[in-house]
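K.L.:
compute the structure for the input listed below.
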Amino acid sequence: MRVVYHPEAEAELVEAVQFYEDRVAGLGEGFLREIEAAILTILEAPERWQQVEGPIRRYLLRRFPYGVY
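P.N.:
Numbering: from 1, shown residues only. You can find the predicted model right below:
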């Protein structure tokens, strides 16, 4: 399956990676790896995650204060 980011979500992702990387070397890369792992987990069972509004579901990251919708 192909994953497509909304342009605003992609911009936020790039900004967050840079934010973490500016704080601690390698942390931005760790954040990006966690996002990628979250997406793979979601793709395995998309209906498993909490519904937040209508058909929209949310997966909360464990290590960072972000969610994937």
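K.L.:
V68: neighbouring residues, count only.
P.N.:
Using other Cβ atoms under 10 Å, V68 has 17 other residues around it. Bear in mind the C-beta positions are built from the backbone N, C-alpha and C, glycine included.
K.L.:
now swap in A38 and tell me
P.N.:
19.
K.L.:
my read: it touches F64, true?
P.N.:
No. Applying Cβ atoms under 8 Å, one finds A38 not in contact with F64, separated by 9.8 Å.
K.L.:
all helices for this structure, in order.
P.N.:
Along the chain, counting by DSSP state H, helices occupy 7-23, 27-44.
K.L.:
show me what counts as buried in the first one.
P.N.:
Within helix 7-23, the residues that qualify as buried by neighbour count (16 or more other Cβ atoms under 10 Å) are 13, 16-17, 20-21.
K.L.:
same thing with the last one?
P.N.:
Neighbour-count burial for helix 27-44, counted by 16+ other Cβ under 10 Å, picks out 27-28, 31-32, 34-35, 38, 42.
K.L.:
nearest to Q50, out of the helices of the chain?
P.N.:
helix 27-44 (11.6 Å; Cβ to Cβ).
K.L.:
taking helix 7-23 as reference, get the angle to that closest one.
P.N.:
Counting by axes from the mean of the first three to the mean of the last three Cα atoms, to 10 degrees, helix 27-44 lies at 140 degrees to helix 7-23.
K.L.:
distance from the chain centre to helix 27-44, please.
P.N.:
Relative to its chain's centre, helix 27-44 lies at 6 Å (Cα atoms, centre = their mean, to the nearest Å).
K.L.:
what packs against it?
P.N.:
For helix 27-44, the packing partners by 3 or more Cβ pairs under 8 Å, 6 or more residues apart in numbering; DSSP states H and E come out as helix 7-23, strand 56-60, strand 67-68.
K.L.:
what does that helix rub up against?
P.N.:
For helix 27-44, contacts defined as Cβ atoms under 8 Å, 6 or more residues apart in numbering pick out 1, 3, 13, 16-22, 49, 59, 61-64, 66, 68.
K.L.:
for it, what does the pLDDT average out to?
P.N.:
In this model, helix 27-44 has a mean pLDDT of 96.
K.L.:
same thing with stretch 53-69?
P.N.:
Here the average pLDDT along stretch 53-69 is 95.
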